[in-house]
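> Sequence below, structure please.
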Amino acid sequence: MQNKVSKYFQSNEIKEKFTQVLKQGLSPRKLAITFSLGFILSIFPMIGTTTALTLLFAYWFRLNYFLIQMINWLAAPLCLALMIPFTHLGQDIFGAEESSISIDELMRAFDNGLIQGFSQVLQYQLYAILGWVFIAIPGLFVLYIICFQLIKLYYSKLKKMNI
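Numbers count the residues shown, from 1 in each chain. Below you'll find the predicted structure:
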């Protein structure tokens, strides 16, 4: 499986699909917004919500649905990888006592009852969302600027090659 994935990304297929998206007439600004917003929303630390979030924002800002979902799916593993760091960041922002979050700790949270367990998990989730917001807002602007410049550069290369 790994070989197929790496071969796909090394092939010209991705470049061709990206070029097709560029030929649809989207402005560099719209593409930069699509890339940066798609990435930032894809690392939102609530599993199962990123597809709905990206579709909602794509509709709201009239962005390319396919492209924003592709970015969302490609960046999905980062959502899981960043969940605990976002939780720790949120705990630091609130000045809360930092705990070592693990599956065992989450299971122990339910030892004192279902309501107490959900309350503890919800608290961790809120810390993670706060940590994400703290990173997402400046990250969105930085990603937008980088994406916008790279897309403008790519457009100029396409014009020089008359594509």
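> ok, the residue positioned nearest the centre of the chain to Leu53 distance?
In the chain, the centroid-proximal residue (Cα atoms, centre = their mean) is Ser42; its distance is 2.4 Å. Distance from Ser42 to Leu53, counting by Cβ to Cβ, to the nearest Å: 8 Å. Yep, even glycine has a C-beta here, placed from its N, CA and C like the rest.
> sorry, back to before: contact partners for the residue nearest to the centre of the chain?
Thr50, Thr54, Ile71, Asn72, Trp73, Leu74, Ala75, Ala76, Leu78, Cys79 (Cβ atoms under 8 Å, 6 or more residues apart in numbering).
> For Lys159, state which of those is nearest.
Closest approach between the contacts of Ser42 and Lys159, by Cβ to Cβ: Ile71, at 24.4 Å.
> give me phi/psi at Leu26?
phi -70, psi 140 (degrees, to the nearest 10).
> That one contacts Phe66, correct?
No - in this structure Leu26 lies outside contact range of Phe66 using Cβ atoms under 8 Å: 11.2 Å.
> for the residue located most distally from the centre of the chain, what are its contacts?
Within the chain, Asn112 marks the point farthest from the mean C-alpha position, 34.3 Å out by Cα atoms, centre = their mean. Asn112 sits next to no residue when contact means Cβ under 8 Å, 6+ apart.
> go on, Gly131?
Counting by Cβ under 8 Å, 6+ apart, Gly131 makes contact with Pro45, Pro85, Phe86, Thr87, His88, Leu89, Gly90, Gln91, Ile93.
> List the buried residues for the one helix or strand the last one maps to?
To tie it back to what came earlier, the one meant is Ile93. Here Ile93 sits within helix 65-94, counting by DSSP states H and E. Within helix 65-94, the residues that count as buried by 16 or more other Cβ atoms under 10 Å are 67-72, 75, 79, 82-84, 86-91.
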